[in-house]
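> 3D model of this:
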Amino acid sequence: MAVYTQRKSGIKRMVQNFRPCSKNKIKTNPIMRTLTSFLFLLFVSHLTFAQGISLELLTVKPAGYDGDMKYFEITYKLKSGEVNDSGQPIAMAIPLPDKTKAFAYLISYESVKAGKNPYNPAQLNVFDYTPKPGQMVVTHELAPVAIPEKRSLQCKTGYAYLLDSDDKLMTATLDNIKGYAKMGDAIQYVNDRGQKGSGTIKDIEIRGGYHSEYIFEGIANQAVTIKVLTNGVDLSNATIGTNLSATEVVANKAPAPKHKIQSIPIEKVLENNEIKITVHNLVKFNPDPNAGDFDLFKVDYTLDYYIVDATIENKTAQPLDAGDYLLRLNFFTPDGKSADDFLRIFRSGGNSNDPVKQDADKVDVNLLGGTSKLPMAQVMVKYISTLPDYDTKYKPQTNAINKPIPARQKIRSVDCTIMGVPPSYKIEGLGTWSGVVLDKKKWLFVPVRM
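Modelled structure (predicted):
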């Protein structure tokens, strides 16, 4: 599946051929690792890397959490450096007694100089740790970690994703971290199919945009992602360590996911003077929520997902980029309301009065064509992992529709796009459109009864 943005806006494809490097290999753009939401993307893009800042916590008040990220309202005394009023997150560390550190982000909306206290509370976001008054929070160069010369790393990986055309540079999220490692260290691993591999750590990233030089025991699990230059053996669902037994790893591997799949024939046509989209089947897919431990971004398991099996035909005498049509293909009502409009109300309980959320929704509607496609990319990954011989039987066709379709040609893809709606959503029809904004003259619609 490819997820597209508008070419007219100057932004090109954001994600192409999103796939894990496991049995059914899937290439991904690295942006997908942090694109959990529009607002989180803004957070990452504005991360500030300062130096020389140290502050003492005076008060610490819990303000919520999101998974392993904990939010705190704090007051503090600035010991050194200077904090500005930009409101942009600053990468920070909390030194711990065992010579390690917790990872944090400081957000301040007022300027503070050394020796002063801010007039208003600031926000401190911390991974998998609860700070206390009296503790120091510093920029990372002031909190070095003591890494033993003789060291080893033991941990588990989730899905691994390919980052190069040679299928050797892979990235994976870590869990159950024991021991130590630095960038440049060699590792050995055995995946859940009993294949032994080796590689070199090229990068270590803490979710939110900070790049660390090392991994250590106590670091936030599932917030650490490594890039490894491997010998080509899949790093997915692997055990990293020393003296690994392939037989033991295979014997202890997790049971296969129990996804629910139902193929619904519909044979409906969406057509104008340049394109003809024949939807043969809608495949209803409910991924197994018990197999989501290593999801790279949040998957909504309460939704019913529908994968579109369709033939895309270029009716013109010129190559045709079908990206707009594939991105916007969705459930619609006869009056032109997308299922994404229903999904927003379903999730928020009503129209949001938050201006930031309203602006994000405008971007979703007018630029991306809706909120459903980007968060659902990982669901598509789960689906194609159920298709036998995907690489040889289906991948070439999917790759072909992700490129300009030759004149007068048609291509069938069993996974050309994905849609998701709550079980309560009443399916009335399929629609799509092209252009910068929804123009009823360019809107294609066909009724569907299921």
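> how about the strands of the stretch 51-200 of the chain, start to end?
Secondary structure of the stretch 51-200 of the chain, counting by DSSP state E, counting those that start in this stretch: strands at 54-66, 69-80, 82-83, 90-95, 101-107, 112-113, 122-127, 136-138, 153-162, 169-182, 186-191, 196-206.
> which strand or helix spans the closest residue to A339 other than its chain neighbours?
Spatially, and ignoring its direct neighbours in sequence, A339 is nearest to F331 (3.9 Å; CB to CB, 6 or more residues apart in numbering). For the C-beta atoms, the positions are set from N, CA and C on the backbone; glycine is no exception. F331 is part of strand 330-331 when elements are defined by DSSP states H and E.
> what's that strand packed up against?
helix 339-348, strand 410-421, strand 429-432 (3 or more CB pairs under 8 Å, 6 or more residues apart in numbering; DSSP states H and E).
> got the domain ranges for the chain?
52-138, 153-251, 258-447 (automatic domain parsing).
> next, the distance between the ends of the first one.
Start and end residues of domain 52-138 are separated by 8 Å (CA to CA, to the nearest Å).
> for it, give the mean pLDDT please.
Taken as a whole, domain 52-138 has a mean pLDDT of 90.
> same check on stretch 170-178?
In the prediction, stretch 170-178 has an average pLDDT of 88.
> what segments of the stretch 301-450 of the chain are helices?
323-328, 339-348, 355-363, 373-384, 390-393, 395-401 (DSSP state H, counting those that start in this stretch).
> worst average pLDDT in those helices?
helix 355-363 (a mean of 60).
> next one: the helix or strand where K284 lies to chain centre, how far?
Element membership for K284 (DSSP H and E) is strand 275-286. The chain centre lies 25 Å from the centre of strand 275-286; the measure is CA atoms, centre = their mean, to the nearest Å.
> before we move on, what about stretch 102-109?
With CA atoms, centre = their mean as the basis, stretch 102-109 stands 22 Å off its chain's centre.
> ok, residues contacting that stretch?
For stretch 102-109, contacts defined as CB atoms under 8 Å, 6 or more residues apart in numbering pick out 47, 53, 55, 83-85, 87-94, 96, 118, 120, 122-129, 131, 137, 206, 208, 210, 212, 219-220, 223.
> one more time with 7 Å, if that's ok
Contact partners of stretch 102-109, identified using CB atoms under 7 Å, 6 or more residues apart in numbering, comprise 83, 85, 87, 89-94, 96, 118, 122-127, 129, 137, 206, 208, 210, 220.
> just to revisit the earlier point, against I275, how distant is the residue nearest to A339?
As for F331, its distance to I275 is 19 Å (criterion: CB to CB, to the nearest Å).
> any of the contacts of stretch 102-109 buried? List them.
Among the contacts of stretch 102-109, those classed as buried by 16 or more other CB atoms under 10 Å are 83, 89-94, 118, 122-127, 129, 137, 206, 208, 210, 220.
> about what we covered before: quick one, which of the helices and strands packed on strand 330-331 is nearest to Y159?
strand 410-421 (17.3 Å; CB to CB).
> now for that closest one, which elements pack on it?
Under the contact definition 3 or more CB pairs under 7 Å, 6 or more residues apart in numbering; DSSP states H and E, strand 410-421 sits against strand 304-314, strand 330-331, helix 339-348, helix 373-384, helix 395-401.
> try 6 Å this time
strand 304-314, helix 373-384, helix 395-401 (3 or more CB pairs under 6 Å, 6 or more residues apart in numbering; DSSP states H and E).
> contact partners of the first one?
Residues external to strand 304-314 that are found in contact with it (CB atoms under 6 Å, 6 or more residues apart in numbering): 276-285, 320, 322, 379, 383, 401, 405, 409-412, 414-421, 423.
> and that strand, how far from the chain's centre?
23 Å.
> what's the answer for the last one, then?
Chain-centre distance of helix 395-401: 22 Å, with CA atoms, centre = their mean.
> and what of the second one?
Here helix 373-384 shows a centroid-to-chain-centroid distance of 10 Å under the convention CA atoms, centre = their mean.
> and the angle from it to strand 410-421?
Going by axes from the mean of the first three to the mean of the last three CA atoms, to 10 degrees, helix 373-384 is angled at 110 degrees with respect to strand 410-421.
> how far off strand 153-162 does helix 373-384 point, in degrees?
For helix 373-384 against strand 153-162, the angle by the same axes, to 10 degrees is 100 degrees.
> run through the neighbouring helices and strands of helix 373-384.
Judged by 3+ CB pairs under 6 Å, 6+ apart, helix 373-384 is in contact with strand 410-421.
> list the buried residues of stretch 91-107.
By neighbour count with 16+ other CB under 10 Å, stretch 91-107 contains the buried residues 91-95, 100-107.
> with stretch 168-175 instead?
Residues of stretch 168-175 classed as buried by neighbour count (16+ other CB under 10 Å): K168, L169, M170, T171, A172, T173, L174.
> check contacts around the last one.
When you say that, I think you mean L174. Applying CB under 6 Å, 6+ apart, we find L174 in contact with C155, V224.
> ok, 7 Å please
Going by CB under 7 Å, 6+ apart, L174 touches C155, T157, V224, I226.
> can you give me the distance of the third one to F127?
When distance is defined by CB to CB, V224 is 9 Å away from F127.
> what do you get for the last one?
Applying CB to CB, the value for I226 to F127 is 16 Å.
> in the protein, what residue sits furthest out from the centroid?
Going by CA atoms, centre = their mean, the residue of the chain most distant from its centre is G115, 40.5 Å out.
> leaving out sequence neighbours, find the closest residue to that residue.
Distances taken as CB to CB, 6+ apart place L78 nearest to G115, at 6.8 Å, with adjacent residues excluded.
> could you give the bridge partners of the one you found?
For L78, the beta-bridge partners under DSSP bridges are L55.
> could you do the one 5 residues further on as well?
Beta bridges link V83 to V112 when assigned by DSSP bridges.
> check contacts around it.
V83 makes contact with I53, S108, S111, V112, according to CB under 7 Å, 6+ apart.
> try A400
By CB under 7 Å, 6+ apart, the contact set of A400 is I411.
> ok, now with 8 Å
With CB under 8 Å, 6+ apart, A400 has these contacts: I411, S413.
> how close does it sit to V283?
Distance of A400 to V283, given as CB to CB: 20 Å.
> over to V308?
As judged by CB to CB, V308 and V283 stand 8 Å apart.
> so between those two, which is more surrounded?
V308 (23 against 18; other CB atoms under 10 Å).
> bridged to the more buried one, which residues?
The partner list for V308 in beta bridges (DSSP bridges) reads L282, T417.
> could you do the one 4 residues further on as well?
Here I312 sits in beta bridges with I277, I411, as judged by DSSP bridges.
> thinking again about what came up before, so the residue nearest to G115 makes contact with A122?
No - using CB atoms under 8 Å, L78 makes no contact with A122, being 10.2 Å away.
> what sits against M183?
I201, K202, D203, I204, E213, Y214.
> a markdown table for those residues, including pLDDT?
Shown next, in a markdown table, are these (pLDDT from 0 to 100):
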| residue | pLDDT |
| --- | --- |
| I201 | 93 |
| K202 | 92 |
| D203 | 91 |
| I204 | 91 |
| E213 | 87 |
| Y214 | 87 |
